[in-house]
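**Student:** need a structure here:
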Amino acid sequence: MYIATLLCNPAKPCIDPALVESLRNAWGGGAALWLAPDVAAEFDLESLPENQWQVWEDLQGLGVDLVLQPAHNRRKKMLLADMDSTMIEQECIDELAEEAGVGTRVKEITARAMNGELDFDGALTERVGLLKDLPESVISEVLDNRITLMPGGRQLLATMKADGAYAALVSGGFTAFTARIAAELGFDENRANTLLVADGKLTGEAGRPILGREAKVEALEQITAKLSISEEDVIAVGDGANDLGMLLRAGAGVALHAKPSVAAQCEIRINHGDLTALLYIQGYARDQFKG
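**Tutor:** Residues are numbered from 1 along each chain as shown. As a prediction, the model looks like this:
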């Protein structure tokens, strides 16, 4: 048995009940269940339709995301999340670079690295090098003035944790940022790279080893072993090439507003919804949300 979920941006409700009924009838699905009026609905299916991705493409033009997944074990016991452009709306290193006057150069490298065009470790080393001599105090200024949380993040964490789930933030960014974001949203732990500082200024180097794609997979392996759960019990979310390892290993790997080359490799692609999409695809209704 499978579940088909249709959802959109909660700030712009746009799902017409007639659309849901039309698709349900075309695919021979069960009765539609509305998780949130005009925002999210689901119905069950006995098998995956052959035209799944063609329909997905058509719905994208209407501002609607479509997710098809096995009905079994939908509600996960662990959240494994990327930070930059996932739990927050920015890339921290790009914001630091703006303060250092090298924003354009660093943003270009970041975009190419997240799209899988550059080696992550080398790209991070190059970008951090461009931040040399930036005052450490700028980190707090960026956090206070430039960083905003991705919509739906508070509800995602509060709802899953109220249901007993464990939450880990794993970032190719920096601990100076993940520590604050993790504390603000309620993550149980966070892992990231370290910006080295001397005499109150960034040295232009990151601590070793660099936490990249493989380190995120290791976090998945280590934390599931610690919790005595399986990788199938995990929902992972990210947007960049360095997230692909964990996205493809987790029971549910969600490409959230992801780079095209990343989304193309994932079965769950959210381009319109916010982080509450991760709750809807687990079968939570809007009136069950916490936070």
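**Student:** Need the per-residue pLDDT for N115.
**Tutor:** In the predicted model, N115 carries a pLDDT score of 88.
**Student:** quick one, what contacts the residue nearest to it when sequence neighbours are not counted?
**Tutor:** Once its chain neighbours are removed from consideration, N115 has its nearest residue in K259; the separation is 4.5 Å (CB to CB, 6 or more residues apart in numbering). All C-beta atoms are positioned from the backbone trio N, CA, C, and that covers glycine. With contact taken as CB atoms under 8 Å, 6 or more residues apart in numbering, K259 is in contact with 114-116, 239-241.
**Student:** The closest residue to I268 other than its chain neighbours and T276: what is the separation?
**Tutor:** In space, not counting the residues next to it along the chain, I268 is nearest to V254; the distance is 4.7 Å by CB to CB, 6+ apart. Distance from V254 to T276, counting by CB to CB, to the nearest Å: 12 Å.
**Student:** Could you do P13 as well?
**Tutor:** Between P13 and T276 the computed distance is 12 Å (CB to CB).
**Student:** what do you get for S228?
**Tutor:** 29 Å.
**Student:** Next: V138.
**Tutor:** With CB to CB as the criterion, V138 and T276 are 32 Å apart.
**Student:** Do a quick rundown of the strands in the stretch 51-200 of the chain.
**Tutor:** 65-70, 78-81, 166-174, 189-193, 195-198 (DSSP state E, counting those that start in this stretch).
**Student:** export the ones you listed to CSV and tack on mean neighbour count, distance to G29 and mean pLDDT?
**Tutor:** Below are the strands of the stretch 51-200 of the chain laid out as CSV (neighbours: other CB atoms under 10 Å; distance: least, CB to CB, whole Å; pLDDT from 0 to 100):
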stretch, mean neighbour count, distance to G29, mean pLDDT
strand 65-70, 19, 10, 98
strand 78-81, 26, 28, 98
strand 166-174, 25, 32, 96
strand 189-193, 21, 39, 97
strand 195-198, 16, 50, 97
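**Student:** got TSV for those, with distance to R213 too?
**Tutor:** Formatted as TSV, the entries for the strands of the stretch 51-200 of the chain read as follows, by distance: least, CB to CB, whole Å:
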stretch	distance to R213
strand 65-70	24
strand 78-81	13
strand 166-174	8
strand 189-193	13
strand 195-198	20
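**Student:** Would you map out the domains in this protein?
**Tutor:** The chain is divided into the following domains under automatic domain parsing: 1-72, 76-291.
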